[in-house]
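K.L.:
quick one, fold the following:
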Amino acid sequence: MNEHLLFLDLGFMRIYWFGLFAGCAILTAAVLFCILRRLQGERLSQALDALLLSLPVGFIAARVSYCWFRQASFSGRASDYLHLSEGGFSLFGGLSGIAVMLLLFSARKRLSFLKLMDAAVPALSAAIAAGRFAGVTGGEETGFEIKTDCSAPFVRWSETEQANVLWVGYFEGIFALMITGMVLYLFFRKYIRKNAGLREGCVTLCFMLTFGLSQAFLESMRSDSLFMVTLGFVRIDQIISILMAVAAFVIISIDNARVCGLSACRLSLWAICAAALALAVVCEFTLSATYLAQIYTRMAASLFVIWISGILLFADTARNRYAAGTKA
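P.N.:
The predicted structure follows:
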């Protein structure tokens, strides 16, 4: 790691800005998770047990999945997995490991998994924000080359590329902060205000939809992603992101149809969203340097249509469920 990224040299140990941010990300997630579980009426010791089980597994899963998809960069020895200085970690590998451990923990303790995830999601979102900014300080999270000189804060010089590049990590961190605020608001409405229109898992669903769509778009701009072997320009995290968002949208739509019933308006909305998703996929496969701005604008607009439709369906379901509960 570059010396100019050094935060503190103690002689026997060096602390880099990357490590400092990464440590703050983990600490932030742990503290916020404990606070939210207490607000849900659960014991602090129970939250700490969940953390002690899920965080190490998430860390290992993030490292293993990264090395697995970057096999060409390693010698193939098991010891490569321990060479953390060579980078790096897979976001969705870590999230999957944590989710699996929380599922097992909730089953073992006979707790509500959805309620547990609703507390974990804001903590994870805050950790992702800090982690993205950590990636920027470590020289990661880079995007495509910027041909012209630019002093904007999201454009930086890359030693690897030897050119000015778009530092996508800035955008990813900002989006993660915004998503953290959104899911914390939903958590407050569900578990503090006791909104009868919201069900357990609502925080998790909105996170999956919003983070999935935003990350699918931002991954398209990155040059340091984990790429597929068969389709080299398609990012693995991008596929996982869009699948996560689609799964959340389908669940929200089914719940809306069950509570509010089917109508021509809802069927038309689903058709529009399907067309928007198809357009976003076409944009990804037709990216070119000549029409980069136009294509990214169409992709962003398509994904925004899906997001706003999902949020409207979610709000409609909550409103109708709340009205039905009030009348009862």
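K.L.:
what mean pLDDT does the one helix or strand residue 295 maps to get?
P.N.:
Counting by DSSP states H and E, the secondary-structure element that holds residue 295 is helix 292-327. Helix 292-327 shows an average pLDDT of 89 in the prediction.
K.L.:
buried ones in it?
P.N.:
For helix 292-327, a neighbour-count test (16 or more other C-beta atoms under 10 Å) marks 295-296, 298-300, 302-303, 305-307, 309-310, 313-314, 316-318, 321 as buried. Quick note: C-beta positions are derived from backbone N, CA and C, even for glycine.
K.L.:
where does pLDDT dip in the stretch 151-300 of the chain?
P.N.:
Judged against pLDDT under 70, the low-scoring parts of the stretch 151-300 of the chain cover residues 151-166, 223-234, 288-290.
K.L.:
leaving out the residues flanking it, which one is nearest to the spatially most central residue of the chain?
P.N.:
Most central residue of the chain, judged by C-alpha distance to the mean C-alpha position with C-alpha atoms, centre = their mean, is residue 211 at 4.7 Å. Nearest residue to residue 211, sequence neighbours excluded (C-beta to C-beta, 6 or more residues apart in numbering): residue 179, at 5.5 Å.
K.L.:
likewise for residue 210?
P.N.:
Distances taken as C-beta to C-beta, 6+ apart place residue 179 nearest to residue 210, at 5.3 Å, with adjacent residues excluded.
K.L.:
could you check how far that neighbour is from residue 44?
P.N.:
26 Å (C-beta to C-beta, to the nearest Å).
K.L.:
again, but for residue 267
P.N.:
As for residue 267, its distance to residue 44 is 47 Å (criterion: C-beta to C-beta).
K.L.:
which residues touch stretch 297-313?
P.N.:
Contacts with stretch 297-313, where a contact means C-beta atoms under 8 Å, 6 or more residues apart in numbering, come from 206, 209-210, 213-214, 216-217, 220, 245, 248-249, 252-253, 256, 266, 269, 272-273, 276-277, 279-280, 283-284.
K.L.:
just the buried residues from those residues, in ChimeraX please.
P.N.:
To isolate the buried subset of those in ChimeraX, counting by 16+ other C-beta under 10 Å, use the following:
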select :206,209,210,213,214,216,217,220,245,248,249,252,253,256,266,269,273,276,277,279,280,283,284
